[in-house]
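Peer 1: Can you look at this prediction? I've put the sequence above it.
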Amino acid sequence: MTHAPQSSTAPPAAGPGLPAAPGIPAQPGRPGPAGSPAPVTRRTAFAEGVDRLRGAATTEPGRLRIIGAVLALLVVAFGAVTAWQASERAAAADDVLHRSQPLSSGAADIYRSLADANTAASSAFLAGGQETAASRDRYEKDIRTAAGGLVTAAANAEPGSASEATIAKLNRLLPEYKGLVERARTYNRQGYPVGGAYLRYANEKMQKEMLPAAEDLYTTENRRLDADYGDATPYPWLAIALGVLALAALGWAQHRTYRRTNRVLNHGLVAASAATTIALLWLVVGHTVARSDLNGSYDHGVRSLSVLHDARIASLKARGNENLSLVARGAETVAVGGRTYDAYYYDFDKDMTVLGSGLSRAEKLADDKGGTTPVKAAEGNMAVWKQRHAAARTEDENGNYQQALDKVIGAQGATGECFDSVDRNLAQAIGHEQDEFARAAGDGRDAMTGLPVGAAVLAVLAAAGALAGVGRRLSEYR
């Protein structure tokens, strides 16, 4: 029996120019059924929002809402940026006063203590078995001061920093130096000449390893101090620009309101303008005063302290070289310009030149009698010191060792008296300049007290006033 062929129930595949089968959506990029509209792409929420905003701006109430939102946003942004920049500068000013400058001075004290310990050790060696308790105590006190300063510096050093490595080096070298000094003392008491060699080794370790490391630490701390000044003193231009922009926008809004209503004042907008003006003036005036005081603390405090510390260190090095010239008895020489000099006498002359230059600069930097008086006194002490040193050197070069020794470490009329007077006057000048710095830097920090919080509060009040002022206008359309 012959059967008729069965018709297929599967729709033919849609091809080019043919509509898709019923129930099967058109493939992307292919035309839909004949006469059907093109598929509509849904618009993004942002585009729809822009359209709604554009539509709202065609009416006065809509425009007022937009103006109110923009005014509030500008004022709040001004307050937030002011609080941020003022907080950063206040924190940097506080670091200058309580962290970086004290650490810089502490590093200078480490250097001075090490140099003074070296000087005390050489003085005690020259005294031989007649070393005084005062000389021994001075040496021990200097060593303790240096060790304590290293502990403080280590506590404030950043992990992995150059300062940390320098402090570790000094902590390693300090007991080695003390060991050499003790050996020198022991052999000196027993009358062995090798004691002088140990003292020269100790001095070489101090001059070539420890003092350069201490100077590196001092330089690093000074860079940190300069960085804190660099963070504390720049004007907060971004906050000032936002404040001016916010005031301009508030002024424009009030002028617009006046043109449309003939009302001279809008209480909310006036309150917002007043709060913004107060915050802006507080920012500009407060930072200007702070900047002036901080710059003053640097010019009349930090710079003077740096020069005075250098001068004091030069005097300590000069005294140490003066003593060591008698310890070495010509064993150490240096050739300069084809001539041979006693190495320690040659270094003494260089140190005295540095000392004289430093005292001259310190006198020029001092801005009051309290600063100039001790510096002038130190200059007078230095002049007498040079005269007495010349006499002692003459005796030494003529072979009169004991007479030269008496003129250097004797009880009366010795160069040691002059050195002590120079050191004492420089210490007084440093104390005075330290007080000047602390007063000026403290005033600079205090000039920004309350500014971050005050600016934030005033910005919130200004935003509330702007919204209230605009809201007052909107109520007239209900």
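Peer 2: Looks like it came in fine.
Peer 1: Where do the strands of the chain begin and end?
Peer 2: Secondary structure of the chain (DSSP state E): strands at 333-336, 339-342.
Peer 1: The ones you listed: which one's closest to residue 411?
Peer 2: strand 339-342 (25.5 Å; C-beta to C-beta). Backbone N, C-alpha and C define where each C-beta goes, glycine included.
Peer 1: what's the offset of that closest one from the middle of its chain?
Peer 2: Taking C-alpha atoms, centre = their mean, to the nearest Å, one finds the center of strand 339-342 at 44 Å from the center of the full chain.
Peer 1: which other helices and strands contact that strand?
Peer 2: Contacting strand 339-342 under the criterion 3 or more C-beta pairs under 8 Å, 6 or more residues apart in numbering; DSSP states H and E are the following elements: strand 333-336.
Peer 1: other SSEs contacting the strand it packs on?
Peer 2: Against strand 333-336 (3+ C-beta pairs under 8 Å, 6+ apart) you get strand 339-342, helix 343-365.
Peer 1: hang on, the earlier thing: let me know which of the strands of the chain is tucked in deepest.
Peer 2: strand 339-342 (a mean of 14; mean count of other C-beta atoms under 10 Å).
Peer 1: Parallel or antiparallel, which strands does that one pair with?
Peer 2: strand 333-336 (antiparallel) (DSSP bridges).
Peer 1: For residue 163, which residues are in contact?
Peer 2: 153, 157, 217, 220-221 (C-beta atoms under 8 Å, 6 or more residues apart in numbering).
Peer 1: what ranges of the stretch 151-300 of the chain fall below the confidence cut-off?
Peer 2: 263-264 (pLDDT under 70).
Peer 1: So which residues of it form helices?
Peer 2: For the stretch 151-300 of the chain, the helices defined by DSSP state H, counting those that start in this stretch occupy 162-189, 194-205, 211-232, 237-261, 267-297.
Peer 1: The last one versus helix 237-261: what angle between them?
Peer 2: Orientation check (axes from the mean of the first three to the mean of the last three C-alpha atoms, to 10 degrees): helix 267-297 against helix 237-261 gives 160 degrees.
Peer 1: Tell me the buried residues in helix 267-297?
Peer 2: Buried residues in helix 267-297, counted by 16 or more other C-beta atoms under 10 Å: 268-269, 271-273, 275-277, 279-280, 282-283, 286-287, 290-291, 293-294, 296-297.
Peer 1: count of neighbours near the closest residue in space to residue 173 that isn't next to it in sequence?
Peer 2: Spatial nearest neighbour of residue 173, chain neighbours left out: residue 210 (5.1 Å); criterion: C-beta to C-beta, 6 or more residues apart in numbering. As a burial measure, residue 210 scores 24 neighbours (other C-beta atoms under 10 Å).
Peer 1: Repeat that for residue 144.
Peer 2: Using other C-beta under 10 Å, residue 144 has 12 neighbouring residues.
Peer 1: show me the contacts for it.
Peer 2: Counting by C-beta under 8 Å, 6+ apart, residue 144 has no contacts.
Peer 1: measure it to residue 125 for me?
Peer 2: Applying C-beta to C-beta, to the nearest Å, the value for residue 144 to residue 125 is 20 Å.
Peer 1: neighbour-wise, which of the contacts of residue 163 leads?
Peer 2: Neighbour max across those (other C-beta under 10 Å) = residue 217, 28 neighbours.
Peer 1: Make sure it is actually in contact with residue 107.
Peer 2: Yes. Taking C-beta atoms under 8 Å as the definition, residue 217 is a contact partner of residue 107 at 4.7 Å.
Peer 1: Spit out the residues that contact the two alike.
Peer 2: Common neighbours of residue 217 and residue 107, using C-beta under 8 Å, 6+ apart, are residue 153.
Peer 1: And for residue 346, nearest residue in space, chain neighbours not counted?
Peer 2: Closest residue to residue 346 apart from its sequence neighbours, by C-beta to C-beta, 6+ apart: residue 334 at 5.4 Å.
Peer 1: For the one you found, list each beta-bridge partner.
Peer 2: Beta bridges link residue 334 to residue 341, judged by DSSP bridges.
Peer 1: which residues does it contact?
Peer 2: 340-343, 346.
Peer 1: repeat for residue 95
Peer 2: Residues in contact with residue 95 (C-beta under 8 Å, 6+ apart) are 228, 231-232.
Peer 1: just those residues now: which is nearest residue 312?
Peer 2: Nearest to residue 312 among the contacts of residue 95, with distances taken as C-beta to C-beta, is residue 228, at 24.0 Å.
Peer 1: coming back round to it: now the contacts of residue 334 in a markdown table, with pLDDT and distance to residue 63?
Peer 2: Listed next are the contacts of residue 334 as a markdown table, based on pLDDT from 0 to 100; distance: C-beta to C-beta, whole Å:
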| residue | pLDDT | distance to residue 63 |
| --- | --- | --- |
| 340 | 77 | 93 |
| 341 | 74 | 89 |
| 342 | 77 | 91 |
| 343 | 82 | 87 |
| 346 | 86 | 85 |
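Peer 1: buried stuff in stretch 241-260?
Peer 2: Using 16+ other C-beta under 10 Å as the test for burial, stretch 241-260 gives 242-243, 246-247, 249-250, 253-254, 256-257.
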